[in-house]
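> heads up, no residue letters with this:
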């Protein structure tokens, strides 16, 4: 559907307004500091950007991996945003297959529907949305 502002609205996207804000922060960080920085510096800049747009988030969010009610491992997410979207930051233009699997594990462990991967390359930021299809079957 198109409104008077020529904005396309899709009914099948998860958290479109939240995703739009997160993507805006990622593009803003890339425009300001570029893509050649270490991941930890990008993460600090993204945290500042998320605060600026008043999104609630936790950095390095701890996720335990359990088997038979015993913790057998742990993950640390780059960001958990608004208690529903996982945000992972990476360097480079391409996302290796193991990163998709890793982020899928985050979603499964938390029972969340959506993750966003932001890859910072020298000339661009590549953003991928990962949907937890296990929750929709």
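Alright, I've got the coordinates. Quick caveat: nothing in here was measured; it's all calculated off a predicted structure.

> So the most centrally placed residue in the chain versus residue 67, what's the distance?
Centroid-nearest residue in the chain, with CA atoms, centre = their mean: residue 87, separated by 2.0 Å. Distance of residue 87 to residue 67, computed by CB to CB, to the nearest Å: 27 Å. In this view, the C-beta of every residue, glycine as well, is placed from N, C-alpha and C.

> picking up where we left off before, which residues does the residue nearest to the centre of the chain bridge with?
When assigned by DSSP bridges, residue 87 has beta-bridge partners residue 79, residue 116.

> isn't residue 100 right next to residue 129, touching?
No: with contacts counted by CB atoms under 8 Å, residue 100 stays clear of residue 129, the gap being 11.4 Å.

> tally of neighbours for residue 32?
Look at residue 32: counted by other CB atoms under 10 Å, it has 10 neighbours.

> next structured bit after the one helix or strand it maps to?
For residue 32, the element it lies in under DSSP states H and E is helix 16-33. Using DSSP H and E, the next helix or strand after helix 16-33 towards the C-terminus is helix 39-52.

> Just the buried positions in the next helix or strand after that next one, please.
Sequence order places strand 57-67 as the next helix or strand after helix 39-52, per DSSP H and E. Buried residues in strand 57-67, counted by 16 or more other CB atoms under 10 Å: 57, 61, 63.

> Just the closest of those to residue 44, please.
Checking those against residue 44 with CB to CB, the nearest one is residue 57 at 12.8 Å.
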